[in-house]
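Enquirer: no sequence for this one, just the structure:
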């Protein structure tokens with residue numbers, strides 16, 4: 001039986017939940033910034049957590065075989081990607097793995113190639129580690145954000161370049177890379193012998209009838225030079241439970257990664273493991289209903305913005321709209337939205353201050369209220 005859309009229509013008061021999202025702004029501001037949806041978790045996950053808590057013992061926990069199997073089945077059924085259980089590295093989050101990868105597979109002064117604007121930890125990781133950041137502009141091609149491939153190759157060809165940080169689906173911008181596009185990226189990475197770290201945390205949030213193609217699944221050479229980072233957290237709205245995983249098929253890379261994390265990066269907690277098993281084994285109906293709801297929200301948002309100076313390109317994946325506010329006669333688009341009563345993410349954090357990122361993973365009534373505020377504020381600046 002399908003999950004009713006009313007599950008997603010329900011407005012949940014998160015003000016007393018120690019929510020980062022809802023604590024950032026004053027009460028009168030609608031928070032639509034961090035990638036955290038305002039939906040109740042699937043019933044199967046809540047049930048699994050309750051049953052585990054009822055067991056009453058919360059000692060040190062290793063990764064259950066059921067989770068390894070659930071991940072393998074998920075990757076095979078959704079992406080036709082077969083991975084060995086031994087290729088999986090279980091983690092308390094994706095961001096720590098991203099930073100760790102940069103620190104252990106490159107040295108001070110090495111160049112890290114990053115197409116952007118992009119999720120800020122992909123640029124923060126090289127900067128905090130003292131690496132040289134080689135930014136590559138993404139450009140609109142047929143209303144989709146794609147790397148400027150000439151600039152991408154030029155960056156990869158630099159003598160100090162050692163690594164590419166890729167975001168697929170892309171955040172922000174919502175591009176779902178096609179196989180042909182990924183093969184073009186790989187051919188350059190292979191040509192200059194670069195390691196690729198692929199952030200694929202939004203892979204299960206594709207809103208069009210498109211396949212997600214894991215970068216490492218393209219061919220054997222890609223598999224041997226890629227660290228893939230995934231998690232159920234964004235899809236099933238369980239980021240606070242702290243579980244992610246890496247797929248590292250190259251045994252040498254995997255061993256180096258595991259050795260470097262020892263004593264520094266904790267193992268996932270018991271409830272995160274429990275939730276992940278339930279998500280991948282029993283969350284499919286909720287997941288499909290979520291995607292339909294997000295499609296409707298995306299289309300509603302695009303329809304409303306079409307009548308304003310704000311521009312949004314084709315959003316193929318994620319629930320994060322990348323909105324071009326450059327046509328507004330305002331000094332800071334982020335402050336404009338905030339003054340309108342809508343707390344978005346500043347495009348400056350991703351690499352372009354003329355944009356904002358808006359999270360539409362919320363009940364439609366909340367999205368409608370936010371858009372009403374934005375439209376009212378636009379009348380005073382246009």
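Expert: All right, it came through fine. Being a predicted model, the structure only gives us computed values, none of them experimental.
Enquirer: Where does pLDDT dip in the chain?
Expert: 1-2, 382 (pLDDT under 70).
Enquirer: Residue for residue, what is the longest helix it has?
Expert: helix 284-305 (DSSP state H).
Enquirer: How about residues contacting whatever helix or strand comes next after that helix?
Expert: Later in the chain than helix 284-305, the nearest helix or strand by DSSP states H and E is strand 311-312. Under the contact criterion Cβ atoms under 8 Å, 6 or more residues apart in numbering, strand 311-312 has outside partners 301-302, 305, 321-324, 327. Using the backbone N, CA and C atoms, a C-beta is placed for each residue, glycine as well.
Enquirer: now, which of these sits nearest residue 270?
Expert: Checking those against residue 270 by Cβ to Cβ gives residue 321 as the nearest, at 35.3 Å.
Enquirer: what about the closest one, how many neighbours?
Expert: Neighbourhood size, residue 321 [other Cβ atoms under 10 Å]: 25.
Enquirer: Show me the beta-bridge partners of residue 134.
Expert: Under DSSP bridges, the beta-bridge partners of residue 134 are residue 113.
Enquirer: Could you do the one 10 residues further on as well?
Expert: The bridge-partner assignment for residue 144, based on DSSP bridges, gives residue 141.
Enquirer: Chain neighbours aside, what residue packs nearest to residue 200?
Expert: What sits nearest to residue 200 in space, not counting adjacent residues and going by Cβ to Cβ, 6 or more residues apart in numbering, is residue 230, at 5.2 Å.
Enquirer: distance of that neighbour from residue 342?
Expert: 30 Å (Cβ to Cβ, to the nearest Å).
Enquirer: mind listing the helices for the stretch 1-150 of the chain?
Expert: For the stretch 1-150 of the chain, helices defined by DSSP state H, counting those that start in this stretch occupy the ranges 6-9, 20-23, 43-54, 65-79, 94-105, 121-128, 149-156.
Enquirer: would you list these in a markdown table and tack on mean neighbour count and distance to residue 243?
Expert: Shown next, in a markdown table, are those (neighbours: other Cβ atoms under 10 Å; distance: least, Cβ to Cβ, whole Å):
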| stretch | mean neighbour count | distance to residue 243 |
| --- | --- | --- |
| helix 6-9 | 15 | 23 |
| helix 20-23 | 16 | 18 |
| helix 43-54 | 15 | 11 |
| helix 65-79 | 16 | 9 |
| helix 94-105 | 20 | 10 |
| helix 121-128 | 19 | 17 |
| helix 149-156 | 18 | 32 |
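Enquirer: Would you convert the ones you listed into CSV that also reports distance to residue 184?
Expert: As requested, these are arranged in CSV below (distance: least, Cβ to Cβ, whole Å):
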stretch, distance to residue 184
helix 6-9, 37
helix 20-23, 36
helix 43-54, 38
helix 65-79, 19
helix 94-105, 23
helix 121-128, 19
helix 149-156, 6
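Enquirer: Out of these, which gets nearest to residue 332?
Expert: helix 121-128 (20.3 Å).
Enquirer: name the helices or strands packed onto the closest one?
Expert: Judged by 3 or more Cβ pairs under 8 Å, 6 or more residues apart in numbering; DSSP states H and E, helix 121-128 is in contact with helix 94-105, strand 111-116, strand 132-141, strand 161-167.
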